[in-house]
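Trainee: Need a 3D model of the following:
(chains A and B)
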There are 2 protein chains.
Amino acid sequence: MAEIDTASFVPSLAIDCVVFGFHENELKVLLLKLTGVDVWALPGGFVDKNKDLEKAAIDTLEVRTGLTDIFLRQFHTFGSIARNDPNHPKFLIDKGLISEDLFDWFNQRFVTIGFYALVEYSQVKEPVPGPISEACEWCSVNDLPPLMLDHQEIVEKAHKALKRELSYQPIGLNLLPNQFTMSELQALYETILETQLDRRNFRRKILSYGILKDTKKFRTGVAHKAPALYEFDVSAYKKASQAGLNMGW
Amino acid sequence: MAEIDTASFVPSLAIDCVVFGFHENELKVLLLKLTGVDVWALPGGFVDKNKDLEKAAIDTLEVRTGLTDIFLRQFHTFGSIARNDPNHPKFLIDKGLISEDLFDWFNQRFVTIGFYALVEYSQVKEPVPGPISEACEWCSVNDLPPLMLDHQEIVEKAHKALKRELSYQPIGLNLLPNQFTMSELQALYETILETQLDRRNFRRKILSYGILKDTKKFRTGVAHKAPALYEFDVSAYKKASQAGLNMGW
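Mentor: Numbers count the residues shown, from 1 in each chain, chains lettered A, B, ... in the order given. Predicted coordinates:
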C-alpha cells in the first residue's frame, strides 16, 4: 500500500504526462498498470508545494523513463467538475492500493495539467512503475487498455495537440538518428498523423522550411538506389521551433 | 473592502482572462484598475467549487463585458512557485482592499489557468469593475499600465498564442461586420500580428483556405474603385476551426 505524504502537495492540483514513444514507425504511449487490477493510468501525480509545475512534469518523466532531456509540452488543463468521482478513491481503497485515511485527499476535486512528451522509445531502457502500479509499459495509441478517470480523453487530446503541433513546429530532432533519409522523416510524420502522405508534396514542403541539410552522403547497403541522407540544421531548427513554421502571412 | 467567501472556492486555483478587443485597427486588452492605486489586473479570480474551469472563465467575461458568446480559448497554465509572493496580499491589506483575515488565503501558492478571448470592443457597452477594483478599461497592448503579479507576462504569452493561432485557425467571425473588404480582413491580421503584410500574398493565402465567399457586391461610397465585399462561408469556417488550417502535409 502506498505511503503518500499529502501535506507536501498542493491541494486540488495534479499533472498527467502523455509520453508518446516513436520506434520503427509505431506510435505508443507509456502507461502504468495499477497493482492487481486491469486498470491503467498515465504517469503523473500530485504537485510538490516547492516545485514549479513544469519541473514536476520533468521529474515525473525522469523517474519513469530515466530520460532527462525530453521534448515536453503543456497542452491542456482539465478542469471539469465531473472529473471528481468518489467511486475512484473507493476503488483504490477496495483494491488495497491506498489506505482508507486517504479517501478525503483523493476525493478532492482535482484539476490536472496535461503535458505531452515525445521520445525515441528504445532509449527508455526499463520504464519504472510508481507506488500504486506494478508495471510501466508502452501501449499502442490505437489499442489502449482500460484507463482510469478521464485518462483516455487526456491521451486523445494530447495526440490531437501533437498532430496540430506538426503544422507549426519542426519535429524529429532526438527522434531520428543524426542522419536520416527523406522516407524516414516522412514515416515519422505519417505515424503521428496516422495517414499516408504524398512523397513529392512532403519533400517540397519540408525542404521549404530550410531546417534540413543535405549531407551529400547516401544510405548504403540498401537494395535500390541509395537514398540521400539529411540532417537537421540545428540552428535553423531551433529558430523555427521558436518562431513557428507557416507563420508567414 | 471586498467580502470573499473563500470556502466556496477550490484552493490553489485561479483563472485569468486576457480579453483582446479589436476596433478600428487597434488591439487592446481589458484591465481592471485596483481601487485607490495605480496597479492593474486581468479579469479573473478564484474557481467556484461547483463550476467547471471553462464555465468560470465564461462567467467572469460575462460579468465584466455583458457578452455571452465569446471566442474563448485556454492557452497556458502558469504554475511557477515564484508566483507566490507574500508582498502581494500584504499590499492588498495595506491598501484596504481585502481584510487581514484573508492573508492566508491570498498567500497560498496559486496556479492560474490563462484564457484569452477576442471581441469587437465596441460591443462591450460598459465594462464592469470587480470587488477590489474601481475601473474596467481597454488599454493598448503596447502601452500597458503597471500590472500586478505576473499579469504582464500572462498578457504577453496570450498575445503570442493569439498570433500563433492565426497560422492554424481562421479568425474574423464576430470581429468584422458580416460583409467586409479584403483590406479590412487584412487589417485585422496586421493588427494582431503587429506587422504590415503584402497585399497580394495575403489575398492569395486567405483565398486558398476556401473560407471566404465573394458576395459579388461592392463597397460603395468610397473615393477610389469600389472594393469587392466578402463574407465568411460559415460552414467552411467552422470546419476549418475544427480541422485547422495548414494542416495538410
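Trainee: From here on, just use CA atoms for contacts and neighbour counts.
Mentor: OK.
Trainee: these two touch, right, A:Thr181 and A:Tyr230?
Mentor: Yes - the criterion here is C-alpha atoms under 8 Å, and A:Thr181 meets it with A:Tyr230 at 5.9 Å.
Trainee: how about the residues of chain A near chain B?
Mentor: By C-alpha under 8 Å from any C-alpha of the partner chain, the residues of chain A that approach chain B are A:10-13, A:49-54, A:74-81, A:109, A:113, A:164, A:167-168, A:197-198, A:201-202, A:205, A:244, A:246-249.
Trainee: ok, of those, which come out buried?
Mentor: By neighbour count, with 16 or more other C-alpha atoms under 10 Å in any protein chain shown, these hold A:10-13, A:51-54, A:74-80, A:109, A:113, A:164, A:167-168, A:202, A:244, A:246-247, A:249 as buried.
Trainee: Just the ones in helices from those residues, please.
Mentor: Among those, the members falling in helices (DSSP state H) are A:53-54, A:164, A:202.
Trainee: Chain B: which of those is nearest?
Mentor: A:Leu53 (4.9 Å; C-alpha to the nearest C-alpha).
Trainee: Apart from its neighbours in sequence, what residue is nearest A:Val155?
Mentor: Spatial nearest neighbour of A:Val155, excluding adjacent residues (C-alpha to C-alpha, 6 or more residues apart in numbering or on different chains): A:Val18 at 6.2 Å.
Trainee: ah, wrong one, I meant A:Gly44
Mentor: A:Gly44 sits nearest to A:Asp16 (C-alpha to C-alpha, 6+ apart), 4.3 Å away.
Trainee: Quickly find the element holding that neighbour.
Mentor: strand A:9-23 (DSSP states H and E).
Trainee: For stretch A:135-149, give the mean pLDDT please.
Mentor: For stretch A:135-149, mean pLDDT is 94.
Trainee: what's the burial count for the residue nearest to A:Val155?
Mentor: A:Val18: 28 surrounding residues under other C-alpha atoms under 10 Å in any protein chain shown.
Trainee: before we move on, the earlier item: widest-spaced pair of the ones in helices among the buried ones among the residues of chain A next to chain B?
Mentor: A:Leu53 and A:Phe202 (36.5 Å; C-alpha to C-alpha).
Trainee: mind listing the strands for chain A?
Mentor: A:9-23, A:26-34, A:40-41, A:44-48, A:71-78, A:111-120, A:133-140, A:180-181, A:212-218, A:228-232 (DSSP state E).
Trainee: Sheet-wise, list the partners of the first one with their directions.
Mentor: Meaning strand A:9-23. strand A:26-34 (antiparallel), strand A:44-48 (antiparallel), strand A:111-120 (parallel) (DSSP bridges).
Trainee: For these, give me TSV that also has distance to B:Ser235 and mean pLDDT.
Mentor: Shown next, in TSV, are those (distance: least, C-alpha to C-alpha, whole Å; pLDDT from 0 to 100):
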stretch	distance to B:Ser235	mean pLDDT
strand A:26-34	33	94
strand A:44-48	39	95
strand A:111-120	31	94
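Trainee: Quick one: the ones you listed as a markdown table, columns for distance to A:Leu185 too.
Mentor: Shown next, in a markdown table, are these (distance: least, C-alpha to C-alpha, whole Å):
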| stretch | distance to A:Leu185 |
| --- | --- |
| strand A:26-34 | 13 |
| strand A:44-48 | 30 |
| strand A:111-120 | 13 |
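Trainee: Ok, which of those strands comes nearest A:Trp105?
Mentor: strand A:44-48 (10.7 Å).
Trainee: pLDDT value on A:Gly248, please?
Mentor: 61.
Trainee: before we move on, the earlier item: which residues are in contact with the residue nearest to A:Val155?
Mentor: Counting by C-alpha atoms under 8 Å, 6 or more residues apart in numbering or on different chains, A:Val18 makes contact with A:29-30, A:42-43, A:114-117, A:154-155, A:158.
Trainee: list the contacts for A:Ser241?
Mentor: A:Ser241 touches A:169-170, counting by C-alpha under 8 Å, 6+ apart.
Trainee: care to break chain A down by domain?
Mentor: Following automatic domain parsing, one gets these domains for chain A: A:6-165, A:180-243.
Trainee: do you know which of those domains lies nearest B:Leu144?
Mentor: Across those, closest to B:Leu144 is domain A:180-243 (C-alpha to C-alpha), at 23.9 Å.
Trainee: any idea how far stretch A:123-133 is from the chain center?
Mentor: 14 Å (C-alpha atoms, centre = their mean, to the nearest Å).
Trainee: neighbouring contacts of it?
Mentor: A:1-3, A:32-35, A:63-67, A:97-98, A:135-137.
Trainee: rerun that using 7 Å as the cut-off
Mentor: A:2, A:32-35, A:63-66, A:97, A:135-137 (C-alpha atoms under 7 Å, 6 or more residues apart in numbering or on different chains).
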